[in-house]
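> My questions are about this predicted structure, shown below with the sequence.
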Amino acid sequence: MTDLFVVIKTSLQVSGISLLISGIIGIPTGTIIGLSHFRWKKWLIALVNTGMGLPPVLVGLVVALLLWRSGPLGFLALLYSKSAMVVAQSIIALPLITAFTIAGVQRLDPELIRQTIALGATKWQLFRVILNETKTGILVALMAGFGGIISEVGAVMMVGGNIKGETMVLTTGILTETRMGHFETALYLGVVLLVISFIINLCLTLLQQKQINA
Amino acid sequence: MKKILLTILVLLGLMVVFFIKYPSNEETPTRSKTLPAITIPTNPDVILATTTSVQDTGLLDILVALFKKETGYKVKAIAVGSGEAMAMGKRGDADIMLVHSPKDEEVFMKEGFGKNRRLVMTNYFILVGPPDDPAGCRLSNSTAEKFKEIAATKSIFISRGDNSGTHKRELSLWQSSGITPAGAWYLESKSGMGIVLQIANEKNGYTLTDKGTYLAFKQKLSLVEMSGKDDVLINRYSIIVPNQEKLPKINLAGAEAFADFLTTPRTQKIIGEFGLDQYAEPLFYPINP
């Protein structure tokens, strides 16, 4: 039972921090890309959209190659740790959050931005107005990002190493229990994963619906 | 409205902080309370690359926990096939390896990647197959003959096909039977042992498995043992400490300590008794009983 608690904790911790990091980077990036006009904008958006389909295993492989002791970032000694998993999951969630934010801000009324600027808003104030107007879209972005990483198995397996009590998360735990022939435990972990996913998505959805109705 | 977003961020942040702080609060006092005598090693993390069978049986968890209690070293076990474990060793990404692929191990040592290699334990590979035994090989005398009969009757055989120790042994068994397995009856799965056993079960096929994994899955399978204790089926698990001259970044002190720990008579006794209560027979036979 304590084992299960540790696994749940690791899952939430790794995916939570990853979501935070990719949110902090992805939301402003998406806002800027979505609202500014530059030559390669369409290309960049296409690139971000491609990133949404980034195979997690590939991300895991590249991060592992970088973090190997013999690799370019080997001196950090991060491989097979939660930090390495956070790095991989942040990379996976980043394009999801960025792309959904872009889609969200592009639906904004351009008139609003023009008026806000005309009223003498600073860049930071403008960003806050935009954030306020697009929070529904941003909630969707966060949900998509969270859904993408909490259920991900390939990358965390490769960079985390699935170490019991340390880097084993719900998804890799399911894999391990299956491998050991403990199908009941594996299914149990699966149900726990679904319940956690449901609770978090329920909270976000309730918030989102409140926004729409407000 | 801004408040809601802010609340989410704060909640997320709190969650993160709570989870980060929790383990450090938990670990430090217990270690200093229960183990005042041991000095915590300067580099306590030891990365162990090992074969899945040792971890999946649950033996490794017991040994790693005991080793940590006694020495303060934290062994991080990465369960991969023996082939990949030795690849990790060559790159210097593993501080120590527990593997069961003797020929590859010899090559590894000859190439100068290993400092020393010690036998830790043995058990048997077993040939399993469907109860009606379509190849009629259960009563044949030698393992080589059994393999010949499977090929001759083109009975389905599921191979690991993943460069693991079990896969390597299977290939050498085919070789000693003078057969190059190929054709629609020979399936390469590229999966772990548990999955391969289930595939063999569903397809009414034969497969070579380590004893531990078979016992763990036995109740869910209709597959039965086809082989006796033939010498060619002995499965040898060795521990390899890498050569620090060639791989300067490894944690040599931790690796040596774990290798010594595994080969002491007391640990050997634990290995020999492991699984007795659950399966009524040992999963692994110690070297120094």
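Structure received.
> Every contact and neighbour count from this point should use C-alpha atoms.
Will do.
> would you list every one of the helices in chain B?
B:2-34, B:52-56, B:59-71, B:82-91, B:102-110, B:143-152, B:165-176, B:193-203, B:211-217, B:252-263, B:265-273, B:276-279 (DSSP state H).
> Likewise for chain A?
Assigned by DSSP H, the helices in chain A fall at A:2-35, A:41-52, A:56-67, A:82-106, A:110-118, A:123-133, A:135-150, A:154-160, A:170-179, A:183-213.
> what's the closest of the ones you listed to B:Val80?
Closest to B:Val80 of these, according to C-alpha to C-alpha: helix A:154-160, at 10.4 Å.
> Does chain B have contacts with the closest one?
No. Using C-alpha under 8 Å from any C-alpha of the partner chain, we find that helix A:154-160 stays clear of chain B, coming within 8.9 Å at best.
> Then stretch A:181-198?
Yes. Using C-alpha under 8 Å from any C-alpha, stretch A:181-198 reaches chain B at A:Gly181.
> what are the C-alpha coordinates of that stretch, in PDB please?
The C-alpha coordinates for stretch A:181-198 follow below in PDB (Å, rounded to 0.1, in the frame of the first residue of the first chain):
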ATOM      1  CA  GLY A 181       2.100 -11.800 -14.300                       C
ATOM      2  CA  HIS A 182       0.200  -9.700 -11.700                       C
ATOM      3  CA  PHE A 183      -2.600  -8.700 -14.000                       C
ATOM      4  CA  GLU A 184      -5.000  -7.800 -11.100                       C
ATOM      5  CA  THR A 185      -2.400  -5.300  -9.700                       C
ATOM      6  CA  ALA A 186      -1.800  -4.000 -13.200                       C
ATOM      7  CA  LEU A 187      -5.500  -3.400 -13.800                       C
ATOM      8  CA  TYR A 188      -5.800  -1.800 -10.300                       C
ATOM      9  CA  LEU A 189      -3.000   0.600 -11.200                       C
ATOM     10  CA  GLY A 190      -4.800   1.400 -14.400                       C
ATOM     11  CA  VAL A 191      -8.000   2.200 -12.600                       C
ATOM     12  CA  VAL A 192      -6.100   4.500 -10.200                       C
ATOM     13  CA  LEU A 193      -4.500   6.300 -13.200                       C
ATOM     14  CA  LEU A 194      -7.900   6.800 -14.800                       C
ATOM     15  CA  VAL A 195      -9.500   8.100 -11.500                       C
ATOM     16  CA  ILE A 196      -6.600  10.600 -11.100                       C
ATOM     17  CA  SER A 197      -7.000  11.700 -14.700                       C
ATOM     18  CA  PHE A 198     -10.700  12.000 -14.200                       C
END
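> pLDDT averaged over that stretch - what is it?
Across stretch A:181-198, the average pLDDT comes to 91.
> can the helices of chain A go into CSV with extra columns for mean neighbour count?
As requested, those are exported to CSV (neighbours: other C-alpha atoms under 10 Å in any protein chain shown):
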stretch, mean neighbour count
helix A:2-35, 20
helix A:41-52, 15
helix A:56-67, 20
helix A:82-106, 26
helix A:110-118, 12
helix A:123-133, 15
helix A:135-150, 23
helix A:154-160, 26
helix A:170-179, 22
helix A:183-213, 15
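> Reformat the ones you listed as JSON lines; add distance to B:Ile271.
Below are the helices of chain A laid out as JSON lines (distance: least, C-alpha to C-alpha, whole Å):
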{"stretch": "helix A:2-35", "distance to B:Ile271": "23"}
{"stretch": "helix A:41-52", "distance to B:Ile271": "48"}
{"stretch": "helix A:56-67", "distance to B:Ile271": "33"}
{"stretch": "helix A:82-106", "distance to B:Ile271": "31"}
{"stretch": "helix A:110-118", "distance to B:Ile271": "70"}
{"stretch": "helix A:123-133", "distance to B:Ile271": "60"}
{"stretch": "helix A:135-150", "distance to B:Ile271": "37"}
{"stretch": "helix A:154-160", "distance to B:Ile271": "27"}
{"stretch": "helix A:170-179", "distance to B:Ile271": "21"}
{"stretch": "helix A:183-213", "distance to B:Ile271": "25"}
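> Which of those helices sits closest to B:Phe67?
With distances scored as C-alpha to C-alpha, the stretch of the helices of chain A nearest to B:Phe67 is helix A:2-35 (18.9 Å).
> tell me the angle that closest one makes with helix A:170-179.
140 degrees (axes from the mean of the first three to the mean of the last three C-alpha atoms, to 10 degrees).
> Might you list the low-confidence residue ranges for the chain?
All of this is about chain A. The model of chain A has pLDDT under 70 over residues A:1-2, A:214.
> I was after chain B.
Those would be B:1-38, B:289, if you go by pLDDT under 70 across chain B.
> Right, I'll call it a day here.
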